[in-house]
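1. quick one: sequence plus predicted model below, questions after.
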Amino acid sequence: MICLRFGEDADGLRLDVCAAESFEITRSAAQKLIKTGHILLNSSAADKKTRVKAGDECILNLPEPVPSSFEAEDIPLNIVYEDGELLVVNKPRGMVVHPAPGHYSRTLVNALMFHCGKELSGINGVLRPGIVHRIDKDTSGVLVVAKTDRAHVSLATQLGEHSMVREYNAIVYGVVQPDQLTINKPIGRHFIDRKKMAVTERNSKAAITHVRVLKRFKRFTHLQANLETGRTHQIRVHLSHIGHPLLGDEVYGRKNHNLSGGQILHAKKLVFSHPDTGEEMVFETELPTYFREELARLDGFF
């Protein structure tokens with residue numbers, strides 16, 4: 001069981017929306033847990049549409065995991081670390097994290113099911129077993145996967161409390177000024193294109209990204225971005241909003257002008273407390289080949 005209290009940013013929002021965000025699960029998963037009484041509001045059953053108030057207590061009681069209907073696939077994984085509670089994977093660019101329409105195979109989840117068998121947390125439902133947080137298909141880098149429900153709850157709590165460090169490297173259009181800045185702009189679903197996110201005050205959630213310049217080129221910038229919150233497409237949306245979209249991001253930026261044919265964004269560093277021992281776990285990866293080649297190109301021509 002895990003208990004938390006909603007903050008000011010949740011005031012007036014629906015219970016299913018707040019529960020999904022707080023426990024790092026899908027909204028449909030939150031709705032099912034609310035309907036079955038596994039998520040309580042102020043110790044009582046509530047409707048998914050109930051509007052919460054700042055200070056309300058939300059309780060998650062873990063249900064028994066449901067077997068996945070998706071197939072395990074023998075796909076090579078770059079496993080950085082593994083124990084009985086969790087594993088850390090360095091995901092390549094181009095791999096989808098979990099099954100979704102159009103991507104029901106060759107995903108990270110399919111690979112994890114083959115590698116771990118039944119040893120994956122069931123909290124996030126049959127589509128996303130073990131998945132605590134996500135990175136985009138075209139983003140490479142480290143993410144942590146929960147093998148047990150206890151680990152999943154602990155890691156999701158750290159995400160909700162902003163104590164998990166998630167550090168990215170990116171190359172963006174333009175010369176970013178100053179050396180460091182914080183982008184504090186709420187993010188919600190785009191009011192016209194529902195597949196996109198946008199900076200908006202409408203049905204949005206607080207979003208904070210900390211940016212530090214690593215190197216400036218004539219027309220581009222290599223920077224570090226640290227997530228304080230974890231909204232969908234947060235780094236991409238925030239950088240586009242300030243006029244510095246990711247190189248290669250054709251959804252929030254411009255026509256692709258890079259060698260590798262995709263957005264230049266890598267989840268480089270991950271820091272969290274181990275769910276069992278409380279030990280600080282630090283994982284940092286090398287920049288992948290596509291990223292280093294792009295930096296070399298910019299050094300030579302830009």
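-> Arrived safely, thanks for sending.

2. average pLDDT for the helix or strand harbouring residue 212?
-> According to DSSP states H and E, residue 212 maps onto strand 208-216. For strand 208-216, mean pLDDT is 98.

3. helices or strands up against that strand?
-> Under the contact criterion of 3 or more C-beta pairs under 8 Å, 6 or more residues apart in numbering; DSSP states H and E, strand 208-216 touches strand 180-184, strand 220-227, helix 234-241. For the C-beta atoms, the positions are set from N, CA and C on the backbone; glycine is no exception.

4. report the contact partners of the residue nearest to residue 232 when sequence neighbours are not counted.
-> The spatially closest residue to residue 232, leaving aside those adjacent along the chain, is residue 197, at 5.3 Å (C-beta to C-beta, 6 or more residues apart in numbering). With contact taken as C-beta atoms under 8 Å, 6 or more residues apart in numbering, residue 197 is in contact with 187-190, 231-234, 237.

5. how about CSV for those residues, with distance to residue 124 added?
-> Below are these laid out as CSV (distance: C-beta to C-beta, whole Å):
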residue, distance to residue 124
187, 21
188, 22
189, 20
190, 25
231, 17
232, 15
233, 19
234, 19
237, 23
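
6. most neighbours among those, please name it.
-> Using other C-beta atoms under 10 Å as the neighbour test, these are led by residue 237, with 26 neighbours.

7. and that one, how far from residue 147?
-> 31 Å (C-beta to C-beta, to the nearest Å).

8. show residues contacting stretch 143-151.
-> Counting by C-beta under 8 Å, 6+ apart, 62, 65, 84-89, 91, 97, 112, 116, 119-123, 130-135, 152, 155, 267, 270, 272, 275-276 sit against stretch 143-151.

9. hang on, the earlier thing: export the strand holding residue 212 as PDB, just CAs?
-> Once non-C-alpha atoms are left out, strand 208-216 reads as follows in PDB (Å, rounded to 0.1, in the frame of the first residue of the first chain):
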ATOM      1  CA  ILE A 208       9.700  22.200 -15.000                       C
ATOM      2  CA  THR A 209      12.900  21.600 -17.000                       C
ATOM      3  CA  HIS A 210      16.400  22.800 -16.000                       C
ATOM      4  CA  VAL A 211      18.700  23.600 -18.900                       C
ATOM      5  CA  ARG A 212      22.500  24.000 -18.900                       C
ATOM      6  CA  VAL A 213      24.600  24.900 -22.000                       C
ATOM      7  CA  LEU A 214      27.400  22.400 -22.700                       C
ATOM      8  CA  LYS A 215      28.800  23.800 -25.900                       C
ATOM      9  CA  ARG A 216      27.700  26.500 -28.400                       C
END
